[in-house]
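Asks: coordinates only, sequence not included:
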């Protein structure tokens, strides 16, 4: 985002600074804090986008606003996403070059990476691997999906579900 407009960089810097505090808050307190944050974002960005995008003369301005994707969803989606944004203890940002490299390493073709409040990346999976064999896409070249038989190391679905309820082992 080093080449983004100053106001976008300032907004991201404010979010990053706020996260230094919010990631340490109890989740119940953060949930309450997310209401005014989400309401402010809704009033400052989503509602103006909805209004400005109605008119041909102001659509270009509307598209420059952040959080425009929330215009098609109810307020609760924005609220939930703010909780996710401000509660995650880890955040890693990457450059467009890093993202392009990851997609290339995944052997994708026709890669495009463009900025939009983060990066939007697309790539097409090639029909064949480098060895000339067809790629497996959710079981399209086999009778069963590779996801239909989870590895034995996961144990039963019930055991896996119970493990997911345990506290995270991530370092804070």
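Replies: Looks like it arrived, so ask away. Source: prediction; values computed, not measured.
Asks: what about residue 78, neighbour count?
Replies: Neighbours of residue 78 under the rule other C-beta atoms under 10 Å: 22. No exception for glycine: its C-beta is placed from N, CA and C like everyone else's.
Asks: now it, what's its secondary structure?
Replies: Assigned by DSSP: H, G, I helix; E, B strand; the rest coil, the conformation of residue 78 is helix.
Asks: Show me which helix runs longest in this structure.
Replies: The helix that spans the most residues within the chain, counting by DSSP state H, is helix 6-22.
Asks: Flag every buried residue along that one.
Replies: For helix 6-22, the neighbour count (16 or more other C-beta atoms under 10 Å) marks 12, 19, 22 as buried.
Asks: how far is the helix or strand following that helix from where the chain is centred?
Replies: Using DSSP states H and E, the helix or strand that follows helix 6-22 in sequence is helix 27-41. On the basis of C-alpha atoms, centre = their mean, to the nearest Å, helix 27-41 sits 19 Å off its chain's mean C-alpha point.
Asks: what helices or strands is the next helix or strand after helix 27-41 leaning on?
Replies: Downstream of helix 27-41, the next assigned helix or strand under DSSP H and E is helix 47-52. On a contact count with 3 or more C-beta pairs under 8 Å, 6 or more residues apart in numbering; DSSP states H and E, helix 47-52 meets helix 59-63.
Asks: Cool, thanks, signing off.
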